Structures are given as structure tokens and as C-alpha cells.
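Asker: build me a model from this:
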Amino acid sequence: MITDTKKSDFLKKIYSLFFEELPNEKMLARISEITKEYCKSKDASVILEVNNNVLSIICKSGYKGFKSDFKCRCLTEEREDIVVLSSSTLCEKCPLVIASEKDNVISVKVKHNEHLYGYLDVVYDSEITDEKKEFLLSVADDLAPFLFILWHKSDTELKNNILDTIPQLFSIVSTEYKYLYINSIYSELLGAPLENILGHSVSEFYPEKKFNNEIKPRFDNCFEGISQDYEVQVSYEKYGRVWIRAYYFPYYDNEGEIIGAIVHAVDITERKKIEKEFNFNEAKYRIFMETTPDSIIIVSDDLQITYVNELACRMLGWTKDELIGCPLSKIDKTCRAEGFKSGKDIIELNENRIVDSVYIKKNGHEISVEINVKKFIANGNIFLIGIARDITDRKRIELELMAAVKQARAADEMKSVFMANMSHEIRTPLNGILGFSSLMSDPDITPEKQKEYYNLIEKSGQRLLNTINDLINISKIETGEVEAIISDTDLNNLFDNLYDFFKPEFSLSSIDFKIIKNTSGGSSRIKTDVDKLEAVLINLIKNAVKFTHHGEVSFGYHFLKNKVEIFVKDTGVGIAADKLDYIFNRFAQAEQGLSKTYEGFGLGLSISKEYVNMLGGTLKVESEKNKGSRFFFTLPQG
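Answerer: Residues are numbered from 1 along each chain as shown. You can find the predicted model right below:
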């Protein structure tokens, strides 16, 4: 947005031309240069036409310094004050043809008192907005009276009449500080007729202190060739206290000597009132934004940070200087991940959205935030304001609640599985015991059948006993009644005994059974709870036997540095990858439900894991479906 200061500077430079005795061509060139500089801030490339004399200020089509008659603009009197041109409305030789192909050319009439004095043609690199159109209309309005003066500058009386109609204060002061010229608006403000002002000293119309301290030093600088401007509040009898912005620049004669000063002043009282009200409102809103319990970040439409409040700085660990001017992706992980480039990627203009995102602190830590996002327009530009609240704790609680719900559902499901398994694992062996016991009472039963039924009753009884023992053991573990009793243990003796215990069972099947012992020539003794270690190995070997139908089962140990690794390996059915952690849960098996293939209560691995933890190790498993499993753990040697 062009500020009042820039506009005033533009007018000051144009005013100064009025008192220079320059030929029309040079005057037009100077007007073109000043207009070019003023329009730079709008990214505008300008061509100024004055009654068929076309002066190129910036012509991106490559034409410069030409004169021609372009009927497409100069002869279309009936068109509106502002037109967005296209190639179909331009002459063949028009320098704007190339630029107009992108539909980004504006032509503005320069009129004074309904008389057309020329055109201001502007080429934009970007989209033409209403703000840009209004700006160019204001430039054309500012240029119009000077083009009018240029056309009639030989008429001194007309020149004075024009100055009297300009709605600004205008005067010429000699090097003796006397008024040589003053327009009617200025004389009215001073409250004296022209004859009582012209030829009189400026000091007669201002307090002595103000003249000596503020006004005279500026005239002195001007007489030295130094142009300047300043804002001051002065008191006038008729209008009271008035704010003006005064511009002082040297007044030269035809030989280039400074013979006085030209003073151009603009009444800015209304602007000062607006500024005061704006500053009050800004201070009020700034206090609110700096004291609110939420962090506030404002970004431009291209997602560059333009404002952060103190709370946002404290939350993120950055200073304001480190954040303002940086892209939003510097602190917003979602913006970075999604590759957002503009505000439209995040929110439509009239929307008000609440979004969850992740902010990145200066130290690299991440915090979860809930952001209330709203778009707004200020000075014709689009901004996004985000009011963010740290919800890291809330997110953590949500995750914990979700995990608790999941765990509760799993526990509920496990309870159902447990009840089904309990019914199966207790009733099945009991039915076997009762059924075969009844058959043995048959007087006609043969000795062979009696022996067979006896073995089945014993097997069912053992299965029932194992189930009850597992329930008792897991109950003791949960109540903390189980403790590790550490003693000197010979691994060779333990493993040999286990091998002898299971060998008969393997001899009745096609599965090979191997024992692997590696002491590296040293002792095979460690300090551990031999009973719990034996219980763990029995459980693991039983599992291996249960799930292996061919191939081999092996178990053994080997010493590492100050530790011993113990393992049980099989070539059985294996375990799916998504079940590897699940199998250590209580009452869990890779297969669940009444339709499962293998018997068991699902407590053996859970008990084994707890025992290994008591012994100072961690029970782990490596497995691949249909290829086998390897259960292993390490224990301290002593």
C-alpha cells in the first residue's frame, strides 16, 4: 500500500516542476520519471501518453522513446475512465500488444474538468486487483491538473488561478523570509488578506519561539539547497490547532541560483485523528494479543510469518526476530509435510476452521496444538490468524484412554477366551477320566483294553493336573508369592536330565531330539534358581513337541561374556509375525477359540516369561510361519 508520505513526496516533486522553466518535452520526461518511481511499489510498468505525444516510462515490450498516434486509446473518447485492455482492442503498432496477451494491461484516462489530456497505460506482472485500479485512478487524478498547467503554463494569471484551486497550502518565500507568493487557501488559514501577507516576514504570523526553533532552520537548510519535510502542529486563529505536513525545497532563478524556497503543505489533521484512533485501537488489541493465554501467529497469504505474540515465543523457544519473516513451515510440521504454499491450501476466505497440527520448538521437540484459523483482509492483503493452544497433555491423555479402552476390550475378549478354554481344558480331561473309568468296570473287558483305558485315564489326569498347576502358578506370580531362590547350578547335569526325561517321548515319533552344550572349555556352572529354570525349559520343550510334526527339536546353551544364552529350537508350524508379542500374554495362543487345533490353557509361555524375568533375563522368540521357532533368553553367569 502506498503510504501518505510517498504520495506527498510524489506531489512535492510534481509541484517543483511547475516552477521550472522547462520545455514541454523535458517537462513530460520529468513527469514520467517521477510517476515511474511512484508506481514502482505496485510492480507497475507505465506508459504515459499526453495528446498523442507518448513518453515511455517503462515499456516491457521493448519500445522506448517513441512518438505515434495510437487510435485504440487516443480516439476512443466514449470509453470508461479505466479499461483492462486486450489484444483485440489495440492497434497493430501499439507497444502494449505483447503485454496485453496476458490480460494484465490497464489504461486510465487523465482528465481535468472533464477535458481529456492523456492516458496512463500500466502493465502488471500479476493479477489486476481492485486495489491496483483504485491506486492508478488516484495517480491519474494527481497528474491531471499538472498536465492542464503544462498545456497553459504561458498564462501566468491562469497559473495563479490554478494554484488557488489546489486543495493544499502553497507559498514562495524569499531568502529574507518574506512571502513572495501565497495561494488563497494558505492566506485564509493565516487569517489575513493577501495584501497583508505578501512582502511581510513569515515571523509575523508565527510565535517567535516556533519561528526561530522550527521554521527558520528549515528555510536556512533550503537556502543551502537541502530539501526537507516534516510534520508539525500549529495554531491558527480561525481554525484552531491544525496538523500539517510541510515540504520545503529550493526555488531557483533562470541562472540556477537559489532565490528562495517553495513551501507546499498538506493539512493532515484528519489523518492524525485517524492515526491516533488507530494507534489506540492497535495498542488495545496488542495488549489483548500479548496477554491472551493462547499463542497467536499471523501469516501472510504466502504463509510468511508477520506477527507472533510473546506466549507463542515462549511456547516455541524462539524470539520474535527469529520468527517474523520466516515461512510457517519452520514451526508447523503439518504445513511442512503437506507442502502448503498459500493460505488457500489451508482455508477458504470466509471459513473459520479448527485444525490439529504439530509445532516444532527451537530445540527440535514437538508439541501438539489445536489452532483456530481465520482469514482476514488488511490494507488489501490477505492474512491468516492462528490462535493455538498446546494440547500435548490432552493428546497424551487421549492416547492413554484409547490404549486403556483397547486394553479393556482385549481383557474382555481374553476373559471370554479364558472361560471358553477353562471349560475345554477342565471338562475334556474330566470327561476322559470319568468315561474310561466307567468302561473299566465292564466285567468283559480284556486286559489289553484295561491297560489302554488306564493309560488314557492317567494322561487325562496329568493334563488336568497341569492346568490346575498353571492356574496356581500364575495366581502366585500375580500376588507376588513367588520368589527366586538362587543357588549354584550345573547346566550340564540339568540339560542331561531333561534330555533323558523327554527322550522316550521322542523315540515314539519321527522327530529328532538334540542337545547342544557349548562351555568353550570352561565351567558349566551358573548361579540361578534351578527349579524355575527347569520349569521354563520343560514348558518350552513341551511347546516345541506340541507344534512340531516332523524335523527336529533341539535345546542347549552357550556362554557369552559373563552371560549364558539358553535356547529351544524347533522346525514346527511357526508363528505369524503379528502374533509374536501376543503369545506371551496370559491365556493367549496363536490359535484361539473352541475350534483350535492344539490343547493347552495358554499359560505356559506367560509363566515362563515371568520366571525368566525373575532370573534376570528376557524371554524372546524368533519365528517364521511354517518354518519353525527359536525361543531364547540370556541369564547372568554368577
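Asker: what sits up against stretch 168-177?
Answerer: 11, 15, 19, 163, 179-183, 185-186, 189, 201-203, 216, 219, 223, 244, 246, 251, 258-267 (CB atoms under 8 Å, 6 or more residues apart in numbering). (C-beta placed from N, C-alpha, C; glycine too.)
Asker: try it again with 7 Å
Answerer: Here stretch 168-177 makes contact (CB atoms under 7 Å, 6 or more residues apart in numbering) with 163, 179-183, 185-186, 189, 201-203, 216, 219, 223, 244, 251, 259-266.
Asker: next: stretch 365-381.
Answerer: Contacts for stretch 365-381 (CB under 7 Å, 6+ apart): 1, 131, 300-301, 333, 343, 346-347, 349, 352-361, 382-392, 395.
Asker: and it, what's buried?
Answerer: By 16 or more other CB atoms under 10 Å, the buried positions in stretch 365-381 come out as 367-371, 373, 375.
Asker: ok, now stretch 268-279?
Answerer: 268, 272.
Asker: give me the distance from it to the chain's centre.
Answerer: 36 Å (CA atoms, centre = their mean, to the nearest Å).
Asker: got the CA positions of that stretch in CSV?
Answerer: Only the C-alpha atoms of stretch 268-279 are listed here, as CSV (Å, rounded to 0.1, in the frame of the first residue of the first chain):
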residue,chain,number,x,y,z
ILE,A,268,-3.1,16.1,7.8
THR,A,269,-5.3,16.9,10.8
GLU,A,270,-7.9,14.3,9.9
ARG,A,271,-5.2,11.7,9.2
LYS,A,272,-3.7,12.4,12.6
LYS,A,273,-7.1,11.8,14.2
ILE,A,274,-7.4,8.5,12.4
GLU,A,275,-3.8,7.6,13.3
LYS,A,276,-4.5,8.4,17.0
GLU,A,277,-7.6,6.3,17.0
PHE,A,278,-5.8,3.6,15.1
ASN,A,279,-2.8,3.7,17.5
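Asker: any idea of the mean pLDDT in it?
Answerer: Stretch 268-279 shows a mean pLDDT of 74.
Asker: got the contact list for that stretch?
Answerer: 4, 231, 242-245.
Asker: of the residues you listed - the most surrounded one?
Answerer: Within the contacts of stretch 268-279, most neighbours by other CB atoms under 10 Å means Arg245, with 21 neighbours.
Asker: host element of that one?
Answerer: Element membership for Arg245, per DSSP states H and E: strand 240-252.
Asker: now the helix or strand following that strand: buried residues?
Answerer: Remark: after strand 240-252, the chain's next helix or strand is strand 258-267, criterion DSSP H and E. By 16+ other CB under 10 Å, the buried positions in strand 258-267 come out as 260-267.
Asker: what does strand 258-267 rub up against?
Answerer: Residues contacting strand 258-267 (CB under 7 Å, 6+ apart): 8, 12, 15-16, 19, 168-175, 180, 219, 222-223, 225, 242, 244-253.
Asker: where does the stretch 101-250 of the chain have low pLDDT?
Answerer: 101-105, 112-119, 123-127, 145-167, 236-239 (pLDDT under 70).
Asker: would you map the helices across it?
Answerer: 130-151, 156-165, 184-190, 208-210, 216-223 (DSSP state H, counting those that start in this stretch).
Asker: circling back to that earlier point, the strand holding Arg245 pairs with which strands, parallel or anti?
Answerer: strand 228-236 (antiparallel), strand 258-267 (antiparallel) (DSSP bridges).
Asker: in strands only, show me the buried residues of stretch 365-381.
Answerer: 367-371, 373, 375 (DSSP state E).
Asker: could you dump these to CSV with pLDDT and distance to Leu194?
Answerer: Formatted as CSV, those follow (pLDDT from 0 to 100; distance: CB to CB, whole Å):
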residue, pLDDT, distance to Leu194
Ile367, 89, 71
Ser368, 89, 74
Val369, 89, 68
Glu370, 89, 69
Ile371, 88, 64
Val373, 86, 61
Lys375, 82, 55
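Asker: just name the closest of those residues to Met315, please.
Answerer: Ile367 (7.1 Å; CB to CB).
Asker: hang on, the earlier thing: make a markdown table from the strands paired with strand 240-252 and add distance to Leu136 to it.
Answerer: Output for the strands paired with strand 240-252, formatted as a markdown table (distance: least, CB to CB, whole Å):
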| stretch | distance to Leu136 |
| --- | --- |
| strand 228-236 | 25 |
| strand 258-267 | 21 |
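Asker: for the closest residue to Ser629 other than its chain neighbours, what are its contacts?
Answerer: Nearest in space to Ser629, with sequence neighbours left out and distances taken as CB to CB, 6 or more residues apart in numbering, is Ser623 at 3.9 Å. By CB under 7 Å, 6+ apart, the contact list for Ser623 reads 574-575, 580, 629.
Asker: now with 6 Å, please.
Answerer: 574-575, 629 (CB atoms under 6 Å, 6 or more residues apart in numbering).
Asker: which of those tops the neighbour count?
Answerer: Neighbour max across the contacts of Ser623 (other CB under 10 Å) = Ser629, 24 neighbours.
Asker: that one: what secondary structure?
Answerer: strand (DSSP: H, G, I helix; E, B strand; the rest coil).
Asker: number the chain from 178, please
Answerer: With the count now opening at 178, the last piece we talked about shows up as Ser806.
Asker: and it, what pLDDT?
Answerer: 93.
Asker: partner residues bridging it?
Answerer: Asp747, Ser800.
Asker: re earlier: save the buried residues of stretch 542-558 as a markdown table, and put in distance to Leu616 too.
Answerer: As requested, those are exported to a markdown table (distance: CB to CB, whole Å):
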| residue | distance to Leu616 |
| --- | --- |
| Ile544 | 72 |
| Ser545 | 68 |
| Val546 | 74 |
| Glu547 | 72 |
| Ile548 | 76 |
| Val550 | 79 |
| Lys552 | 86 |
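Asker: identify the farthest-apart pair in those residues.
Answerer: Ile544 and Lys552 (24.3 Å).
Asker: quick revisit: if I look at the residue nearest to Ser806, how far off is Leu782?
Answerer: Separation of Ser800 from Leu782 (CB to CB, to the nearest Å): 12 Å.
Asker: from Ile784, how far off is Asn790?
Answerer: Asn790 is 11 Å from Ile784, by CB to CB.
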